[in-house]
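J.: have a look; sequence and predicted model below, questions after that.
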Amino acid sequence: MSFTGVYQHQIDAKGRTSLPSRFREVLAAQGADKLFVTTDLFDACLQAYAPAQWTAFTQKVAALSQFDPSVRLLVRSFVAPAQECPVDKVGRILIPPPLREHAGLADEVTWAGTVERIEIWSPKRWLETQKAARAPEAQAQLAARLHQLL
């Protein structure tokens, strides 16, 4: 099972938001009841990983040289901000304030399944990325990539 689909949910003042039921099913199939949420390095959104994917990633990072400046930058920018976010009994997670601030989350969130991870966006920023993906130059890149895959 993979994370797919785009869903919009409310987020309250404390940072609680419902995890889409489809994503809860994917987690349950993996025997998980939490996500690891961190900042995205390239966009103003968040990345969320199931525990198995996050553990596999951090094990790879741990095997890298701590003396490599690019590894240190990766750890400080991507691993360090990560928060373990349990799913409560009613299917919500709490997104901590620094992560909400990074993604500009206020009243609503857009959840976007991206196969092995989830992106969490402010609805406005999500719409901007979708508009950019429909620009002619982006369409040519997408068509070329799809051609390679299909």
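T.: Ah, there it is.

J.: quick check: Thr114 touching Phe3?
T.: Yes - assessed by C-beta atoms under 8 Å, Thr114 is found in contact with Phe3 at 6.5 Å. C-betas here are computed from N, CA, C, even on glycine.

J.: which residue of those two possesses the greater neighbour count?
T.: Phe3 (22 against 12; other C-beta atoms under 10 Å).

J.: so what's that one up against?
T.: 22-23, 26, 113-118 (C-beta atoms under 8 Å, 6 or more residues apart in numbering).

J.: keep only those of the residues you listed that are in strands.
T.: 113, 117-118 (DSSP state E).

J.: just the pLDDT for Glu137.
T.: As predicted, Glu137 sits at a pLDDT of 87.

J.: that one: which element?
T.: Under the criterion of DSSP states H and E, Glu137 resides in helix 136-149.

J.: what helices and strands are in contact with that helix?
T.: helix 123-133 (3 or more C-beta pairs under 8 Å, 6 or more residues apart in numbering; DSSP states H and E).

J.: tell me which residues are up against the helix it packs on.
T.: Helix 123-133 is contacted from outside by 6, 8, 43-45, 103-104, 108-110, 112, 121, 138-139, 142, using C-beta under 8 Å, 6+ apart.

J.: ok, Val90 to Tyr49 distance?
T.: Using C-beta to C-beta, to the nearest Å, Val90 is found at 22 Å from Tyr49.
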